[in-house]
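Student: no FASTA, just this:
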RNA sequence: GCGGCCAUCGUCUAACGGUUAGGACGCCAGGUUUUCAUCCUGGUAAUCGGGGUUCGAUUCCCCGUGGCCGUACCA
């Protein structure tokens, strides 16, 4: 270990949305930097022009901010919410660093550690097919490796398309200590003469990673496991340049329920999708943090501060973890229950308003909204569930099978009779006293006086008011519906039973 | 095919080589509740297989099996 300042980075390609796997990678890199008083920065890896997606960077930055993982350096959101760059190691966008990569590629050519290659993709395809047919490892056959530099220069001058490849040494053991996996060993014979510079003048990931992370003084590379097999190439490059290599930590992948790499086909993978569904950023972060890591205690709920304090790379799992939405649901519900009402209301209103707007009903009073939200807060697991269960409050026509008005331990006539009695009783209640609390008092009293049981009265009442088998208590519902509408619905129910 | 990584309940995971293999989610049952949810109580369920090493392996080693990743002018 050395005493260099800790610097970690998240280095996404702007190819679309912010993947939850990316979130975990970014989170671990962030936590590691923060707990070591280090710097977490963001670099945009846009070296594949064919895959670029408009607006992807902005989108990513916004999502990152939403989950509380703002980079402090590199590409970030400025005070106007626009993407900009900050820091002493810029530019932090790879497409703006082309000259730098070209210079270093040239250095490798000059040192005889890289070479120009003029092979067409057609030839490459053929070579690969032959190798496959012969059940041989598929690798570049080094056709251009021994071309003289002069000859190569000549062909380039003539305008021939070319790439620059790395000269991988023969039979060299490349061993390194991964922070998560321990010792990992490769033989250079297994490694391809990797392309470093593409024919369009852009670098491949491999060159860009080594050059940038050296120049940007990254101390720890925290990245996905899919990079593990390329790490020897990167180590070789550091050696070629005479640079000290950073520490590596390769994270296992997040998996679909069928254990394949987490993908769009089997559910949501974008952080923004989860937010849109009403998962709280804190819960998402908490949940993802625990996928493949835990401090060894039985604590499940962690704030960002606690994560920063407790996190350790050494305790990160080597095994891929399945992204199980059921547990996320539970965790999200925990966060919702614990949240203070004001904040909950603020977050819930967009979901709530959507429902209200779609109902052809007068808007609810502030007081009514608070009542509803307060009730829902204890019941839902994600914000999008708000409204799903309150249609009956907003709509005038509630359609349901009159059969369900009858409690399981009762019969139709009895339900009818009790509703009629109840209706009469409720009509006498003053509107001033039409609150959940006093309704409960009056109705329980009424039940006792008539020698009835709770179920015999309250079940039909609740169903009459909601049309549903599952709902909050009839007192709360009546309170929210107010007197006139409540009585209307009860009378409607009575008619339907006749 | 070749290379690498990995392997504890269905899922996320805990266990200096010595535990009745623990917790959480889910599920099931019971209690509370007019119902659902909440809440409380209890239950279900795991060390991939085979060899070693050891007085003793979930733990260390080897082999096998399985899964995953890589094998692109994608990252």
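Tutor: Right, received. Where do you want to start? As the structure is a prediction and not an experimental result, all values here were calculated from the model.
Student: measure how buried residue A:411 is and give me the count.
Tutor: Residues near residue A:411, counting by other C-beta atoms under 10 Å, number 9. In short, each C-beta sits where N, CA and C put it, glycine included.
Student: same deal with the one 10 residues further on?
Tutor: For residue A:421, the number of neighbouring residues by other C-beta under 10 Å comes to 15.
Student: which helix or which strand is home to it?
Tutor: If you go by DSSP states H and E, residue A:421 is part of helix A:412-427.
Student: following the chain onward from that helix, which element is next?
Tutor: helix A:436-449.
Student: any buried residues in that next one, and which?
Tutor: Neighbour counts over helix A:436-449 (16 or more other C-beta atoms under 10 Å) mark A:436, A:439, A:440, A:442, A:443, A:446, A:447 as buried.
Student: any part of the helix holding residue A:421 near RNA strand B?
Tutor: No: judged by C-beta under 7 Å from any atom of the strand, helix A:412-427 stays clear of RNA strand B, getting no closer than 11.8 Å.
Student: and that helix, what does it pack against?
Tutor: If contacts are counted by 3 or more C-beta pairs under 8 Å, 6 or more residues apart in numbering; DSSP states H and E, helix A:412-427 sits against helix A:436-449, helix A:454-466, helix A:474-497.
Student: try it again with 6 Å
Tutor: If you count contacts as 3 or more C-beta pairs under 6 Å, 6 or more residues apart in numbering; DSSP states H and E, helix A:412-427 packs onto helix A:454-466, helix A:474-497.
Student: quick one: contacts of it?
Tutor: Residues from elsewhere that reach helix A:412-427, judged by C-beta atoms under 6 Å, 6 or more residues apart in numbering: A:405, A:406, A:446, A:456, A:457, A:460, A:490, A:493, A:494, A:497.
Student: can you check stretch A:43-50 too?
Tutor: A:9, A:11, A:13-14, A:52, A:57, A:74-75, A:92-95, A:202-203, A:208.
Student: any idea which of these the model trusts least?
Tutor: Minimum pLDDT across these is recorded for residue A:52, with 88.
Student: near that one, how many other residues are there?
Tutor: Residue A:52 has 15 nearby residues by other C-beta under 10 Å.
Student: could you measure from it over to residue A:219?
Tutor: Per C-beta to C-beta, to the nearest Å, residue A:52 is found 29 Å from residue A:219.
Student: residue A:450 now?
Tutor: 77 Å.
Student: do a quick rundown of the strands in chain A.
Tutor: Under the criterion DSSP state E, strands of chain A are mapped to A:7-10, A:39-42, A:73-77, A:83-86, A:114-117, A:163-166, A:173-178, A:182-187, A:195-197, A:220-224, A:247-251, A:254-255, A:321-322.
Student: could you dump those strands into JSON lines and include mean neighbour count?
Tutor: Formatted as JSON lines, these follow (neighbours: other C-beta atoms under 10 Å):
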{"stretch": "strand A:7-10", "mean neighbour count": "25"}
{"stretch": "strand A:39-42", "mean neighbour count": "24"}
{"stretch": "strand A:73-77", "mean neighbour count": "21"}
{"stretch": "strand A:83-86", "mean neighbour count": "16"}
{"stretch": "strand A:114-117", "mean neighbour count": "23"}
{"stretch": "strand A:163-166", "mean neighbour count": "22"}
{"stretch": "strand A:173-178", "mean neighbour count": "14"}
{"stretch": "strand A:182-187", "mean neighbour count": "12"}
{"stretch": "strand A:195-197", "mean neighbour count": "24"}
{"stretch": "strand A:220-224", "mean neighbour count": "22"}
{"stretch": "strand A:247-251", "mean neighbour count": "22"}
{"stretch": "strand A:254-255", "mean neighbour count": "22"}
{"stretch": "strand A:321-322", "mean neighbour count": "16"}
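Student: which one of those strands lies nearest to residue A:286?
Tutor: strand A:321-322 (14.2 Å; C-beta to C-beta).
Student: okay, now the sheet partners of the closest one, with direction.
Tutor: Sheet pairing of strand A:321-322 (DSSP bridges) gives strand A:254-255 (parallel).
Student: what is the mean pLDDT for the partner strand?
Tutor: Averaging pLDDT along strand A:254-255 gives 92.
Student: contacting residues around that strand?
Tutor: When contacts are defined by C-beta under 6 Å, 6+ apart, strand A:254-255 is touched by residues A:21, A:262, A:320, A:322, A:323.
Student: how deep is residue A:136 tucked in, by neighbour count?
Tutor: 10.
Student: and the helices in the stretch 51-200 of chain A?
Tutor: Using DSSP state H, counting those that start in this stretch, the helices of the stretch 51-200 of chain A run over A:56-66, A:98-110, A:121-133, A:149-157.
Student: nearest to residue A:333, of those?
Tutor: Residue A:333 sits nearest to helix A:56-66 of all those, at 19.7 Å, using C-beta to C-beta.
Student: off-centre distance for that closest one?
Tutor: Taking C-alpha atoms, centre = their mean, to the nearest Å, one finds the center of helix A:56-66 at 11 Å from the center of the full chain.
Student: likewise stretch A:346-355?
Tutor: With C-alpha atoms, centre = their mean, you get 21 Å for stretch A:346-355.
Student: identify all contacting residues around it.
Tutor: With C-beta under 6 Å, 6+ apart, stretch A:346-355 has contacts from A:278, A:373, A:383, A:384, A:386, A:387.
Student: show me the residues you listed that map onto helices.
Tutor: In this view, these that belong to helices under DSSP state H are residue A:373.
Student: of the contacts of stretch A:346-355, buried ones?
Tutor: By neighbour count, with 16+ other C-beta under 10 Å, these hold A:278, A:373, A:383, A:386, A:387 as buried.
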